[in-house]
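**Student:** got a sequence here, can you build the structure:
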Amino acid sequence: MQLKESTDFNKAPSRKDTNAEKYALREKLFGSEEVLPMWVADMDIKTPSFVMDAIKDRTKHSILGYEEIPESFFNAQIAWIKERHGYELKREWMFYSPSVVASINLCIKAFTDSGDSVIVQSPVYFPFYTSVTNNDRHLIKNPLIENDGYYIMDFEAFESAIDEKTKLFLLCSPHNPVGRVWHEDELQRLGEICIKHDIIILADEIHSDLIFKGSKHLPMSGISKALEARTITCYGPGKTFNMAGLSVSTISIPNEVLRKKFGKVYKATHFAEGTVFAHVGFEAAYTKGEVWVEELIEHIQGNIDYLDLCLKEYMPSITMKKPEGTYLVWLDCRGLGLSYQGLKDFFFKESKLGLSTGISFGKEGEGFMRINLATPRSTVEEAVSRLHEAYEARHF
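**Tutor:** Reported below is the predicted structural model:
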């Protein structure tokens with residue numbers, strides 16, 4: 001049952017006195033407690049009431065012991081993905097995982113050996129890099145092609161980078177940080193190359209529920225049966241419902257041979273069954289969240305439109321291409337003419353904004369900054385005000 005959620009996305013409790021990562025690390029990362037933190041990819045928006053109510057109901061039982069994950073947990077996500085993305089998972093394909101990054105690391109261990117190569121498309125979410133190198137694998141970067149803030153895949157370079165040791169490709173779909181929602185022809189062509197060279201695809205689709213009008217997320221496993229047989233997909237409610245603190249996600253492996261291979265590493269790692277609160281929160285999100293998510297998307301789109309308008313009107317040396325998905329905006333700051341350190345000083349010290357530096361997503365992100373717009377509108381307005389004041393003071 002989908003509930004009509006009466007959420008005001010412009011009202012949210014302060015997180016300053018909690019252990020929230022984006023606030024707790026302000027001094028360490030930005031040199032000041034005064035920065036407005038808009039970096040970590042979680043929301044400064046209330047987790048939906050139906051998730052919180054499910055957790056509260058569970059606390060009425062006074063024992064928090066070990067529990068098995070119920071079948072209804074997996075069935076809720078299966079139904080959600082079928083309804084929202086037109087792709088049907090099977091229960092036997094699915095594993096619990098505490099996070100997408102944990103799943104990526106397990107897949108690297110399961111499907112590659114020390115010294116093997118793994119391809120990523122840069123600029124990209126930085127754990128894609130560290131998951132490869134920390135496991136003693138060779139990192140191959142296939143940079144996306146950027147044209148006026150819009151990114152496309154470089155298929156020729158992708159294929160030419162493959163060698164006999166290339167075993168795995170990490171796909172970010174939708175793409176963090178550039179906000180692309182990949183088209184069917186892009187995924188099909190990419191998949192054909194992977195089939196030709198016998199490369200396993202690991203698709204991180206954690207942002208796939210947050211797609212804006214004019215775009216449609218296509219699960220990589222749903223492109224064709226041939227691709228389904230070599231694609232492993234990471235899913236989760238953390239981004240969609242702002243519940244990353246529950247540490248719950250899933251991984252789907254349709255191919256039985258790959259599933260058994262992964263299962264050996266999975267059992268050796270012992271993720272167990274997750275937490276009792278994750279079980280009920282996960283199920284509530286996927287059974288009651290459709291209306292809430294649509295309203296959230298509308299709110300985030302409004303924030304994106306507002307920022308875009310303000311930049312064009314008052315700060316034209318900073319530009320942005322509206323994302324097709326995710327609540328993250330990739331700001332092109334190259335027009336400011338600042339060095340890497342100069343850009344950090346401008347945003348962190350002068351604007352007092354805690355954003356993610358573009359270069360943290362790879363050298364291809366130099367000159368960019370990533371801002372998180374999953375906030376009340378007042379936060380975006382405050383960010384724009386701070387940025388504009390610093391911009392005017394510099395006389396750009």
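**Student:** just read off the phi/psi values of the nearest residue to residue 189 once chain neighbours are set aside.
**Tutor:** Counting by Cβ to Cβ, 6 or more residues apart in numbering, residue 155 is the residue found nearest to residue 189 once chain neighbours are left out, at 5.6 Å. In short, each C-beta sits where N, CA and C put it, glycine included. Main-chain torsions, residue 155, degrees, to the nearest 10: phi -70, psi -40.
**Student:** residue 155 and residue 191 touch, don't they?
**Tutor:** No - counting by Cβ atoms under 8 Å, residue 155 does not reach residue 191; the two are 10.9 Å apart.
**Student:** report the buried residues of stretch 51-70.
**Tutor:** By 16 or more other Cβ atoms under 10 Å, the buried positions in stretch 51-70 come out as 51, 54-55, 58, 67, 69.
**Student:** how far is it from where the chain is centred?
**Tutor:** 27 Å (Cα atoms, centre = their mean, to the nearest Å).
**Student:** how long is that stretch from one end to the other?
**Tutor:** Distance across stretch 51-70, first residue to last, is 17 Å (Cα to Cα, to the nearest Å).
**Student:** which residues touch it?
**Tutor:** Stretch 51-70 has contacts (Cβ atoms under 8 Å, 6 or more residues apart in numbering) with 96, 241, 243, 272-274, 276-277, 279-281, 283-285, 289.
**Student:** now with 10 Å, please.
**Tutor:** 46-49, 76, 94, 96, 237, 241-243, 246, 248, 250, 272-285, 287-289, 292 (Cβ atoms under 10 Å, 6 or more residues apart in numbering).
**Student:** now the strands for the stretch 201-350 of the chain?
**Tutor:** Applying DSSP state E, counting those that start in this stretch to the stretch 201-350 of the chain gives strands spanning 231-235, 249-252, 319-320, 328-332.
**Student:** partner strands of the second one and their direction?
**Tutor:** What that stands for is strand 249-252. In the sheet, strand 249-252 lines up against strand 94-97 (antiparallel), strand 231-235 (antiparallel) (DSSP bridges).
**Student:** which one of the ones you listed lies closest to residue 318?
**Tutor:** Nearest of the strands paired with strand 249-252 to residue 318, taken as Cβ to Cβ: strand 231-235 at 32.4 Å.
**Student:** could you list the low-pLDDT ranges of the stretch 251-396 of the chain?
**Tutor:** Within the stretch 251-396 of the chain, not a single segment meets pLDDT under 70.
**Student:** which one of the strands paired with strand 249-252 lies nearest to residue 104?
**Tutor:** Taking those one by one with Cβ to Cβ, strand 231-235 is closest: 7.1 Å.
**Student:** got the contact list for residue 142?
**Tutor:** 119-122, 124, 153-155, 157-162, 169, 190.
**Student:** returning to what we had before: highest mean neighbour count out of the strands of the stretch 201-350 of the chain?
**Tutor:** Of all these, strand 231-235 carries the top mean neighbour count, a mean of 27, counting by mean count of other Cβ atoms under 10 Å.
**Student:** can you give me the mean pLDDT across it?
**Tutor:** The average pLDDT within strand 231-235 is 98.
**Student:** keeping just the C-alphas, turn it into CSV.
**Tutor:** Below are the C-alpha coordinates for strand 231-235, written out as CSV (Å, rounded to 0.1, in the frame of the first residue of the first chain):
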residue,chain,number,x,y,z
THR,A,231,25.8,-8.3,-14.6
ILE,A,232,25.8,-8.0,-10.8
THR,A,233,23.7,-5.1,-9.4
CYS,A,234,23.8,-3.2,-6.2
TYR,A,235,20.5,-1.8,-4.9
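**Student:** and it, how far out from the chain's middle?
**Tutor:** Distance, centroid of strand 231-235 to centroid of chain: 13 Å (Cα atoms, centre = their mean).
**Student:** got it, and stretch 328-348?
**Tutor:** The chain centre lies 22 Å from the centre of stretch 328-348; the measure is Cα atoms, centre = their mean.
**Student:** same check, this time on stretch 350-369
**Tutor:** How far stretch 350-369 lies from its chain's middle: 17 Å, per Cα atoms, centre = their mean.
**Student:** check stretch 105-117 too.
**Tutor:** Centroid separation between stretch 105-117 and its chain, computed with Cα atoms, centre = their mean, is 22 Å.
**Student:** next, the distance between the ends of it.
**Tutor:** By Cα to Cα, the extent of stretch 105-117 from end to end equals 14 Å.
**Student:** if we can go back for a sec, who's more crowded, residue 155 and residue 191?
**Tutor:** Neighbours were counted for residue 155 and for residue 191 using other Cβ atoms under 10 Å; residue 191 has more, 22 against 15.
**Student:** what helices or strands is the helix or strand containing the more buried one leaning on?
**Tutor:** Element membership for residue 191 (DSSP states H and E) is helix 184-196. Using 3 or more Cβ pairs under 10 Å, 6 or more residues apart in numbering; DSSP states H and E as the contact test, the elements touching helix 184-196 are helix 155-161, strand 166-172, strand 200-204, helix 225-228, strand 231-235.
**Student:** please identify the most buried of these.
**Tutor:** Of these, strand 231-235 is the most buried (mean count of other Cβ under 10 Å), at a mean of 27.
**Student:** in CSV, list the strands paired with strand 249-252 along with distance to residue 331.
**Tutor:** Formatted as CSV, those follow (distance: least, Cβ to Cβ, whole Å):
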stretch, distance to residue 331
strand 94-97, 32
strand 231-235, 27
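**Student:** how about residue 77: what's its closest non-neighbour residue?
**Tutor:** residue 286 (5.1 Å).
**Student:** please name the bridge partners of residue 203.
**Tutor:** Beta-bridge partners recorded for residue 203 (DSSP bridges): residue 171, residue 233.
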